[in-house]
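[1] Test case, fold it:
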Amino acid sequence: ISACLVGSEMCIRDSYYEHRPRIAIMQRQVLKLNDKVGLHPRMKALMPLWNAGQMAWIEGVGYPRPILSHFRSMDIWDSGSNSNQFIQDGWLSRVLPRYKKGLHGIALNKGQAELGPLASSNLNSVTMQDPKNFLSQLRNIDDTPISRATPAIQHVSETQHQLFSVGDQLSKKMGKRPQRSGVGFSKGIFGHSLEAVAEMILSGVDAPVFKVTQDGFDTHSGQRGAQDNGLYHVANGLASFAQAMKQAGMWNNVLLVTYSEFGRRAKENRGGGTDHGTASSHMILGGRVRGGTYGR
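    Below you'll find the model as predicted:
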């Protein structure tokens with residue numbers, strides 16, 4: 001390494017293999033975005049979007065004075081706060097109410113869905129596993145007038161009314177005959193969630209934001225197997241969603257943005273994994289995205 005120019009392609013490549021002697025991706029397998037940046041081979045499904053200029057790859061995504069606790073760092077990302085601030089509401093609560101009334105967003109996950117940036121008493125947002133189960137559960141809930149007898153009763157009555165109104169919209173748009181995507185999504189949680197989002201959009205559900213989650217990237221050990229699986233589901237899920245939107249003529253009207261609490265360290269550990277790092281790389285996809293690499 002000392003014999004090469006700092007910052008050159010050769011130096012970067014040699015440093016990568018020195019830091020990850022066991023878990024590195026072989027050069028012949030890398031999906032090259034340019035001379036210095038490449039994707040994991042299990043993300044092949046996204047290459048057509050890259051080649052079409054509809055994918056932006058953003059490097060060095062983080063925040064000052066990073067915190068490497070999963071929970072605290074995710075709170076910072078979800079609230080849009082500084083690392084020394086504690087804000088309860090999600091950052092979308094400072095944006096969406098100015099532009100829209102009614103339903104603001106839906107968070108989906110077959111496991112435990114969290115609202116993240118949609119969390120706020122100022123937002124009309126809900127979590128669900130999928131629309132079908134949500135509608136099935138809401139059959140047992142009646143609408144109720146909002147009572148302001150006490151702050152606690154007001155909160156409960158507003159929440160029940162909010163759930164009922166969301167269920168009413170989903171029932172009218174998707175209850176009997178939802179609009180199918182016509183695309184084969186991958187069979188994991190991420191793919192199923194994105195398929196549900198596609199069907200809600202195509203059925204006319206009026207929500208500006210949808211949040212879906214792919215877990216499994218806390219790879220302190222056995223990184224190659226877990227990361228191979230996770231990135232496969234991310235890439236194939238996003239590619240299928242893009243295909244569904246293109247077929248419906250709506251690809252120019254949607255924007256996909258990824259985020260996570262932090263990145264991983266460059267150097268592998270003894271367990272064949274990597275520990276918590278700081279900045280990470282993320283992507284933005286959409287028909288109106290100006291593709292390319294950004295950041296350092």
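
[2] Count the residues that sit near Arg139.
    9 (other C-beta atoms under 10 Å). Placement of C-beta: from N, CA and C, glycine included.

[3] Compute the number of surrounding residues for Val126.
    The burial count assigned to Val126 is 23, neighbours taken as other C-beta under 10 Å.

[4] partners of it in the sheet?
    For Val126, the beta-bridge assignment (DSSP bridges) gives partners Ile106.

[5] Distance-wise, check it relative to Ala207.
    When distances are taken as C-beta to C-beta, to the nearest Å, Val126 and Ala207 turn out to be 9 Å apart.

[6] any common contacting residues for the two?
    For the pair Val126 and Ala207, residues contacting each of them under the criterion C-beta atoms under 8 Å, 6 or more residues apart in numbering are Leu103, Ile106.

[7] in the stretch 1-150 of the chain, which spans are helices?
    Under the criterion DSSP state H, counting those that start in this stretch, helices of the stretch 1-150 of the chain are mapped to 9-19, 47-51, 70-79, 131-138.

[8] Format those helices as a markdown table; extra columns: mean pLDDT.
    Written out in a markdown table, the entries for the helices of the stretch 1-150 of the chain read as follows (pLDDT from 0 to 100):
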| stretch | mean pLDDT |
| --- | --- |
| helix 9-19 | 80 |
| helix 47-51 | 98 |
| helix 70-79 | 96 |
| helix 131-138 | 80 |
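
[9] Export these to JSON lines and append columns for distance to Leu256 and mean neighbour count.
    What follows is those, written out as JSON lines (distance: least, C-beta to C-beta, whole Å; neighbours: other C-beta atoms under 10 Å):
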{"stretch": "helix 9-19", "distance to Leu256": "27", "mean neighbour count": "13"}
{"stretch": "helix 47-51", "distance to Leu256": "10", "mean neighbour count": "17"}
{"stretch": "helix 70-79", "distance to Leu256": "16", "mean neighbour count": "18"}
{"stretch": "helix 131-138", "distance to Leu256": "20", "mean neighbour count": "16"}
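
[10] From Gly225, how far off is the residue nearest to Gln154 when sequence neighbours are not counted?
    Among residues not flanking Gln154 along the chain, Arg148 sits closest, at 4.8 Å (C-beta to C-beta, 6 or more residues apart in numbering). Relative to Gly225, Arg148 is positioned 54 Å away (C-beta to C-beta).
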